[in-house]
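In: What would the 3D arrangement of this be:
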Amino acid sequence: MSSTKCSQCRRAGQKLFLRGEKCQGPKCPLLKRKYVPGQHGPTQRGGSKTAYGKQLREKQSAKQLYGLREKQFVRYVEEATRKTGNTGDLLLSALESRLDNTVYRTGLTPSRAGARQVVNHGHITVNGKKVDIPSYKVKIGEEISLTESSKKKPLFAEIIERLSKVEAPAWLNVEPKNIKAKILNTPSLENPPFSVKAIIEFYSR
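Out: Purely as a prediction, here's the structure:
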């Protein structure tokens, strides 16, 4: 599974941070093999150069980054398209508003995949109530935390130290000592590692 995740980053041509802390270190495969995976990878170095190929690659990068299946991702695009406003910003906001992504942004887990597991296993509360749905959409004013029983588990033994090192986005306020975070504003993402414009164009074809 780990090699598959690394291949996804190499195919995208950039780090998608699918393996958490390992992506930050010197052993990241992308640092040694900056070309797409496969027999002809070294000679391709960037994959398809057609407009469609580029749009497809950006879409795949976004899907892999958030760990979504095609059907799930299409639903987010369609919802953003139907709303009034900048479609790209609305799409990013919807993706960032997912509970699993929010848990990852707080620093409770080093990766989105880990965050999804933590949510699925019932470790997370929203405003004091356990929520085990990764796609749950967080709202302004809501507080994210661990359940009281989870705080005592070995999995989260060093959680306060980990949270204190997190650079949370501006829309999220993290309180390491209290092991919780509050949604301050509408979730957003500056400088996404994929082209939102290309994604919108891909689904508009």
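
In: what about T102, which SS state?
Out: helix (DSSP: H, G, I helix; E, B strand; the rest coil).

In: next one: K63
Out: From three-state DSSP, the assignment for K63 is helix.

In: My read is that it contacts E70, right?
Out: Yes. Counting by C-beta atoms under 8 Å, K63 touches E70, with 7.0 Å between them. For every residue, glycine as well, the C-beta is placed using N, CA and C.

In: For the helix or strand harbouring A80, enumerate the helices and strands it packs against.
Out: Per DSSP states H and E: A80 is located in helix 70-82. Of the remaining helices and strands, those touching helix 70-82 by 3 or more C-beta pairs under 8 Å, 6 or more residues apart in numbering; DSSP states H and E are helix 51-66, helix 87-96, helix 196-203.

In: Run through who's touching that helix.
Out: 59, 62-63, 66, 68, 87-88, 90-91, 94-95, 135, 199-200, 203 (C-beta atoms under 8 Å, 6 or more residues apart in numbering).

In: residues of that helix that come out buried?
Out: For helix 70-82, the buried set under the neighbour-count rule, 16 or more other C-beta atoms under 10 Å, comprises F73, Y76, V77, A80.

In: From K71, how far out is the third one?
Out: When you say that, I think you mean V77. Per C-beta to C-beta, to the nearest Å, V77 is found 11 Å from K71.

In: gap between the two ends of stretch 116-124?
Out: End-to-end span of stretch 116-124 (C-alpha to C-alpha, to the nearest Å): 10 Å.

In: Ok, stretch 126-135 next?
Out: Its start and end residues considered, stretch 126-135 measures 13 Å (C-alpha to C-alpha).

In: Ok, stretch 158-169 next?
Out: Between the start and the finish of stretch 158-169 there is a gap of 21 Å, counting by C-alpha to C-alpha.

In: of the contacts of helix 70-82, buried ones?
Out: Neighbour counting by 16+ other C-beta under 10 Å classes 59, 62-63, 66, 68, 87-88, 90-91, 94-95, 199-200, 203 among these as buried.

In: if we can go back for a sec, which of the helices and strands packed on helix 70-82 sits closest to P187?
Out: Ranking those by proximity to P187 (C-beta to C-beta) places helix 87-96 first, at 3.7 Å.

In: tell me the mean pLDDT for the closest one?
Out: Across helix 87-96, the average pLDDT comes to 98.

In: Okay, angle between that helix and helix 51-66 too, please.
Out: Taking axes from the mean of the first three to the mean of the last three C-alpha atoms, to 10 degrees, one finds helix 87-96 and helix 51-66 inclined to each other by 30 degrees.

In: Hey, what's the angle from helix 87-96 to helix 196-203? Just curious.
Out: Calculated by the same axes, to 10 degrees, helix 87-96 forms an angle of 100 degrees with helix 196-203.

In: Output the contacting helices and strands for helix 87-96.
Out: Contacts of helix 87-96 with other secondary structure elements, assessed using 3+ C-beta pairs under 8 Å, 6+ apart, are made with helix 70-82, helix 99-106, helix 196-203.
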